[in-house]
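K.L.:
Predicted model and sequence follow; I will ask about them next.
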Amino acid sequence: MLSALACVVWVGINDGPDAVQVIEAIQPTFYAKGSDYANAETDVTGKIAAERTAVESCGGTVVFTNDITFSSTELLNRHFEIFEPKVRQFLDQMREGGALQRLERVIERTADLKVLLVGDTIVDEYRYVTPMGKSPKENLIATRFEEAETFAGGVIATANHVAALCKQVHVMTCLGDSPNDEATVRSKLQPNVELVPVHRQGAPTTRKIRFIDKSYMRKLFEVYHFDDSPLPASLQSRFDSAIAQVAGDYDLVIVNDFGHGLISNETIANLCERPKFLAVNAQSNSANLGFNLITKYPRADLVCIDMPEARLAVRDQRATPAQIAAEMLPKIIDCQRFALTLGREGCAAVDHEGAVCQIPALTRSVVDLVGAGDAFLAFAAPFAAAGADMSDVGFIGNIAGALKVGIVGHRSPIDQATLVKSLRGLLT
């Protein structure tokens, strides 16, 4: 559309996160932005200050328009039925209730939270392959290797999401004895995340290798490289003592329990006793199905698990999410806030009074489900610790989950600018 204008000679596409490199290359006389960028303090992208510096350094001037500005997301929401009726109804209710201003105030409060994350580090490796056909001599499908990509997953991915909201984030975890794995993990950390690891000798950092048909992002199978036996007694004691010593110093402690041998009964006792606010997820996966239940934590301030994990915990196949979260789980765990993620159905959130709120899913487009629950936890926990209502906790968790399923693996964490722009797009 731009190139069709008579006054436009050339159009260039910028693939970068900001315009600084383009500005330095073109050195424009004028750089135009909409009026919503005029106040750098309200710029959710945080880029306009750097762009202004780049323009002025090459002798140019930043010019702001004074005409009406439009949000493409808002126009889509209002004039195209991109959401199902129940989602539109829910968003209308949130708008009428002043949710945008309320949630933005909570985001401001989360910035000062000092957060500790405890859990398993996982190195996630994606190996992209092209299926070729059945082997003539074996009952298997042969594939051709194309390329590979490595991510820092598990508690590291959760910490990188949390870092978008909270300025101080520490991670206590266990790594194997490979210096390459530690270098990989450290290279993926956000600047405000500090890693405090113990090292397990003679064992690898847990690595999960997934073989993927890249054409459709379909996962074919996966291979675990790990030792999920309990830590050696001396190492476990050192890890547990460190938690007991510092857990009470944090405003929020988040537990990412993948059941890979890191967290012992003593770890749980310290985690349940000392933190000011404890948020817990105990995940079921291929290695621990039925053995890593949330019920091993007798107390928490927030529990985030998915529906299959909740059914395993209460041993019930038929109960509704509301029954499980409001009636059954509180009888087993001393906790006043529960969030059950329901996949395509969104989530069910329960507060200390037993009130149940079901928040619908906010996307129908899924690229990769890996890490969606961890993203939900990463944003729901700081909101809960900052005093948000569980309906808002579930809503912000669903936004995070919707953003995460559009990202391959842990290629990039969700940043605050993207979260706020999504929030405003949904509620304006």
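P.N.:
Looks like it arrived, so ask away.
K.L.:
who's in contact with the spatially most central residue of the chain?
P.N.:
Nearest residue to the geometric centre of the chain (C-alpha atoms, centre = their mean): A375, 2.1 Å. Counting by C-beta atoms under 8 Å, 6 or more residues apart in numbering, A375 makes contact with A157, T158, H161, A400, G401, L403, K404, I414. The C-beta positions use only the backbone N, C-alpha and C, and glycine is treated the same way.
K.L.:
my guess is it is in a helix, correct?
P.N.:
Yes - with DSSP: H, G, I helix; E, B strand; the rest coil as the criterion, A375 is assigned to a helix.
K.L.:
Give me the distance between the nearest residue to it once chain neighbours are set aside and P179.
P.N.:
What sits nearest to A375 in space, not counting adjacent residues and going by C-beta to C-beta, 6 or more residues apart in numbering, is K404, at 3.8 Å. Applying C-beta to C-beta, to the nearest Å, the value for K404 to P179 is 30 Å.
K.L.:
In terms of neighbours, single out the busier of the two.
P.N.:
A direct count of neighbours by other C-beta atoms under 10 Å for K404 and P179 places K404 higher, at 28 against 10.
K.L.:
rewinding a little: can I get the contacts of A375 in JSON lines with secondary structure and distance to R52?
P.N.:
JSON lines is the format used below for those (DSSP: H, G, I helix; E, B strand; the rest coil; distance: C-beta to C-beta, whole Å):
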{"residue": "A157", "secondary structure": "helix", "distance to R52": "33"}
{"residue": "T158", "secondary structure": "helix", "distance to R52": "34"}
{"residue": "H161", "secondary structure": "helix", "distance to R52": "29"}
{"residue": "A400", "secondary structure": "helix", "distance to R52": "30"}
{"residue": "G401", "secondary structure": "helix", "distance to R52": "35"}
{"residue": "L403", "secondary structure": "helix", "distance to R52": "28"}
{"residue": "K404", "secondary structure": "helix", "distance to R52": "32"}
{"residue": "I414", "secondary structure": "coil", "distance to R52": "26"}
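K.L.:
Which of those lies at the shortest distance from Q245?
P.N.:
When these are ranked by distance to Q245 (C-beta to C-beta), T158 comes first, at 22.2 Å.
K.L.:
lowest confidence element among the helices and strands of the protein?
P.N.:
In the chain, no helix or strand scores lower on mean pLDDT, DSSP states H and E than helix 72-79, which sits at a mean of 62.
K.L.:
Tell me which helix or strand comes right after it.
P.N.:
Sequence order places helix 85-96 as the next helix or strand after helix 72-79, per DSSP states H and E.
K.L.:
quick one: the helix or strand following that next one to helix 85-96, angle?
P.N.:
The helix or strand immediately downstream of helix 85-96 is helix 99-110, counting by DSSP H and E. Orientation check (axes from the mean of the first three to the mean of the last three C-alpha atoms, to 10 degrees): helix 99-110 against helix 85-96 gives 70 degrees.
K.L.:
Pull the distance from helix 99-110 to the chain's centre.
P.N.:
18 Å (C-alpha atoms, centre = their mean, to the nearest Å).
K.L.:
So which other helices or strands are in contact with it?
P.N.:
Helix 99-110 sits against helix 372-385, helix 390-404, helix 416-427, with contacts defined as 3 or more C-beta pairs under 8 Å, 6 or more residues apart in numbering; DSSP states H and E.
K.L.:
Compute the number of surrounding residues for D213.
P.N.:
Residues lying near D213 (other C-beta under 10 Å) number 16.
K.L.:
I'd say it and V129 touch.
P.N.:
Yes - with contacts counted by C-beta atoms under 8 Å, D213 reaches V129, the gap being 6.6 Å.
K.L.:
Now list whatever residues contact both of these two.
P.N.:
Common neighbours of D213 and V129, using C-beta under 8 Å, 6+ apart, are T143, L220.
K.L.:
picking that back up, closest to E138 among the contacts of A375?
P.N.:
A157 (35.9 Å).
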